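Student: please work out how this folds:
(one chain, ligands or ions: 1)
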Amino acid sequence: MLQGKKIILGITGSIAAYKAAYLTRALIKKGAEVQIVITPSGKEFITPVTLSALTGKPVISEFFTANDGTWHSHVDLGLWADAMVVAPATASTIAKMAHGVADNMLITTYLSAKAPVFVAPAMDLDMFAHPTTQHNLDLLRSYGNHIIEPGVGELASHLEGKGRMEEPDRIVAYLEDFFKNRQSLSGRKIIITAGPTYEKIDPVRFIGNYSSGKMGFALARCCAERGADVVLISGPVSLSTPHASIRRIDVETATQMYEVAMAEYPTADAAICCAAVADYAPAEYSDTKLKRSSDTRTIVLKPNKDIAAELGKTKRPGQYLAGFALETDNEADNAQGKMRRKNFDFIVMNSLQDAGAGFGGDTNKISIFKGDGTTVEYPVKPKNEVATDIIDTLSEYLSQ
Ligand code: C5P
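Tutor: Sure, this is the predicted structure:
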C-alpha cells in the first residue's frame with residue numbers, strides 16, 4: 001500500500017522524536033519515499049544527520065540553506081506529497097497548524113499540502129487533556145486531518161496517562177489502512193443519524209437523553225474518509241463536523257430527524273441509524289414557560305415515529321440499513337428482535353453491562369448481529385476504531 005508513496009514526515013520538539021527514526025525506517029521498508037521536515041526544536045531531540053542517513057535525502061528545517069542561500073519551496077514540497085505525517089506532534093505545533101501560524105518550514109508546508117495529513121500527538125497527559133489542545137485537535141479534524149490518537153502509559157515525565165505517541169508500527173498500519181480504503185466508498189451516498197433528540201416541553205425545557213453523538217460522528221468520518229457522500233443528520237451535540245466533505249444537517253426533534261431522513265433515504269445506498277431518538281414527545285407544547293406550583297404535574301407523552309423502522313419499510317433491493325441496540329439485559333435476543341422488526345441488514349449491539357461501552361465515553365464495545373444469523377464480537381476499542389469495524393461490515397454488504 002505504501003510502495004512508491006511520497007511521504008513528508010514532520011518532526012517536532014518532543015522526546016518521542018527518537019521514535020521518528022524508527023518510523024522513517026518502517027516507511028522506507030514499505031517502499032515509501034520519505035522527506036523529513038523538522039522544526040528547530042525537533043533538532044534538539046534528534047539530529048538531522050541520523051534522519052538523512054535513513055532517508056538518503058537532506059533534512060529540511062529552515063526556509064533557506066544557510067551556507068548557499070538555497071530557498072526550500074514549501075509549496076513544491078506540499079504538492080509533491082501523497083501524505084504528510086506529523087509525528088511526533090507537540091501541543092505547540094498542533095496549535096500552529098490549527099490556527100495557521102506559519103512561522104516555520106513545517107507549518108508552511110502543512111498549509112501548502114493538498115495530500116491527506118496525519119497527526120500523531122505526543123505530550124504530557126495534562127497538556128493533552130487541556131481544553132485548548134482538545135479544541136485544536138477538533139479544529140484539525142474539522143479540516144479533514146487524521147488524528148492518530150496517543151496511547152496510554154508511562155510518559156517521559158514518569159506520570160501515567162494518555163499522551164504517548166502511537167508506536168511507529170501502528171502509525172504505518174494506520175497509513176496502510178487509509179490507502180487501502182481511500183476510495184472504496186466513492187460514489188456511495190450514506191446517511192448517518194447521530195446524537196440525541198430534544199422534545200420540547202416549553203420554551204426553556206425539553207426531554208432529551210445522554211447521547212453525545214460521538215459514535216455517529218465517528219461513523220460519518222470513517223465513511224467520508226473512504227470517499228462516500230455522507231449526510232450526517234445530527235441532533236443537538238457539541239461536536240464539530242468531523243470531515244470537510246460531510247453534508248451535515250442539524251435537527252432538534254425526532255420529527256425533524258424523521259423528515260430529513262425520509263427525504264434523503266430514497267437516493268442513498270445505505271443508512272446507519274445511530275441516533276438515540278426520543279421514543280416520546282410531549283403531547284402539548286406550552287408557548288409560555290410553565291410556572292412552578294406545589295401540585296404534582298403530569299406531562300402527557302405521544303409516541304414519536306420510529307425513524308429506523310420507517311426507513312426499513314421503504315428499503316429497496318440493493319439499499320442497506322443498519323442500526324444500534326443499546327441493551328441492559330437479554331441483549332442478543334433484544335438486538336436480533338429489533339433487527340427483524342426494523343428490517344435492518346445488521347445491528348450493532350452495545351450492552352450497558354460492559355465497561356467501556358455506551359453513551360458519552362470515547363470507547364465502545366460492540367457485537368454485530370447480521371441478518372444471516374452470524375455474530376461478530378469485538379473487544380473494547382476507541383470509537384473511531386469501532387467505526388472502522390462497522391463500516392467494514394457495511395462495505396461487505398455494499399460490495400455484494
Ligand atoms: O427500539 P430502539 O430504540 O432500541 O432501537 C434502536 C435503533 O432504532 C437505533 O438504531 C436508533 O437509531 C433507531 N431508532 C430510530 N427512531 C426511533 C427510535 C429508534 O431511528 N424513534
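Student: tell me the buried residues in stretch 257-274?
Tutor: Of the residues in stretch 257-274, those with enough neighbours to count as buried (16 or more other Cβ atoms under 10 Å) are 257-258, 260-261, 264-265, 268-274. Yep, even glycine has a C-beta here, placed from its N, CA and C like the rest.
Student: ok, stretch 236-252 next?
Tutor: So stretch 236-252, judged by 16+ other Cβ under 10 Å, has buried residues P236, V237, L239, T241, P242, H243, I246, R248, I249, V251, E252.
Student: hang on, isn't the second one packed against S212?
Tutor: Yes. Counting by Cβ atoms under 8 Å, V237 does reach S212; the two are 6.4 Å apart.
Student: which residues do these two both contact?
Tutor: Counting by Cβ atoms under 8 Å, 6 or more residues apart in numbering, the contacts common to V237 and S212 are G195.
Student: show me the strands in the stretch 301-400 of the chain, by range?
Tutor: Counting by DSSP state E, counting those that start in this stretch, one finds strands in the stretch 301-400 of the chain at the ranges 301-303, 320-327, 346-351, 363-364, 367-370, 375-377, 381-382.
Student: and I28, how close does it get to D345?
Tutor: Shown here: I28 relative to D345, a distance of 42 Å by Cβ to Cβ, to the nearest Å.
Student: count the residues that sit near the residue nearest to D329 when sequence neighbours are not counted.
Tutor: In space, not counting the residues next to it along the chain, D329 is nearest to Q353; the distance is 7.8 Å by Cβ to Cβ, 6 or more residues apart in numbering. In terms of burial, Q353 registers 12 neighbours under the definition other Cβ atoms under 10 Å.
Student: my read is that Q353 contacts T328, right?
Tutor: Yes. Here Q353 reaches T328: they are 6.9 Å apart, a contact under Cβ under 8 Å.
Student: can you narrow the buried residues of stretch 257-274 down to the ones near the ligand?
Tutor: Applying Cβ under 6 Å from any ligand atom to these, one finds that C273, C274 fall near the ligand.
Student: where does the stretch 51-200 of the chain dip in pLDDT?
Tutor: Screening the stretch 51-200 of the chain residue by residue with the criterion pLDDT under 70, one finds the ranges 66-69.
Student: again, but for the stretch 201-350 of the chain
Tutor: Within the stretch 201-350 of the chain, not a single segment meets pLDDT under 70.
Student: quick one: contacts for the residue of it found nearest the ligand?
Tutor: Using Cβ to the nearest ligand atom, the single residue of the stretch 201-350 of the chain nearest to the ligand is G323, 2.7 Å away. Contacts for G323 were tallied using Cβ under 8 Å, 6+ apart; they are I272, C273, C274, A308, K338, M339, K342, F344, I347, V348.
Student: just to revisit the earlier point, report pLDDT for the residue nearest to D329.
Tutor: The confidence metric pLDDT takes the value 77 at Q353.
Student: got phi/psi on it?
Tutor: Backbone geometry at Q353, expressed as degrees, to the nearest 10, gives phi -70, psi -20.
Student: could you check how far it is from P196?
Tutor: For Q353 relative to P196 (Cβ to Cβ), the value is 22 Å.
Student: one more: V300?
Tutor: Separation of V300 from P196 (Cβ to Cβ) stands at 21 Å.
Student: who's more crowded, these two?
Tutor: Looking at V300 and P196 with other Cβ under 10 Å, you find the greater number of neighbours at P196, namely 24 against 8.
Student: just the closest of the buried residues of stretch 236-252 to K57, please.
Tutor: The shortest approach to K57 among these belongs to H243, at 31.8 Å (Cβ to Cβ).
Student: separation between the closest one and D287?
Tutor: Relative to D287, and taking Cβ to Cβ, H243 is found at 39 Å.
Student: picking that back up, of the buried residues of stretch 257-274, which belong to strands?
Tutor: Among the buried residues of stretch 257-274, the members found in strands (DSSP state E) are A270, A271, I272, C273.
Student: now tabulate these in TSV and tack on distance to D389.
Tutor: Formatted as TSV, these follow (distance: Cβ to Cβ, whole Å):
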residue	distance to D389
A270	16
A271	18
I272	13
C273	17
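Student: using the three-state scheme, assign V86.
Tutor: Using DSSP: H, G, I helix; E, B strand; the rest coil, the three-state assignment for V86 comes out as strand.
Student: list the contacts of it.
Tutor: V86 sits in contact with G10, I11, T12, T93, M97, L106, Y110, V117, F118, V119, A120, where contact means Cβ under 8 Å, 6+ apart.
Student: just the ones in helices from those, please.
Tutor: Among the contacts of V86, the subset assigned to helices under DSSP state H consists of T93, M97, L106, Y110.
Student: from these, which is closest to the ligand?
Tutor: If you rank the ones in helices among the contacts of V86 by distance to the ligand using Cβ to the nearest ligand atom, M97 comes first, at 34.8 Å.
Student: who's in contact with the residue lying closest to the closest one once chain neighbours are set aside?
Tutor: Counting by Cβ to Cβ, 6+ apart, M97 lies nearest to Y110, which is 5.5 Å off, once chain neighbours are set aside. With contacts defined as Cβ under 8 Å, 6+ apart, Y110 is in contact with G10, G78, M84, V86, M97, V117.
Student: next: L321.
Tutor: Contacts for L321 (Cβ under 8 Å, 6+ apart) come out as A270, A271, I272, C273, A308, L311, G312, K315, K342, N343, F344, D345.
Student: list of residues touching stretch 217-225?
Tutor: Residues lying outside stretch 217-225 but in contact with it, judged by Cβ under 8 Å, 6+ apart, are 141, 144, 146, 178, 181-182, 185, 188, 190, 192, 194, 230, 232, 234, 237, 239, 242-243, 245-246, 272, 274, 383-384, 386-388, 390-391.
Student: would you mind checking the residues you listed for buried ones?
Tutor: The buried subset of those (16+ other Cβ under 10 Å) comprises 141, 144, 146, 178, 181, 185, 188, 190, 192, 194, 230, 232, 234, 237, 239, 242-243, 246, 272, 274, 383-384, 386-388, 390-391.
Student: looking at those, which are in helices?
Tutor: Of the positions in the buried ones among the contacts of stretch 217-225, R141, F178, N181, K383, N384, V386, A387, T388, I390, I391 sit in helices, assigned by DSSP H.
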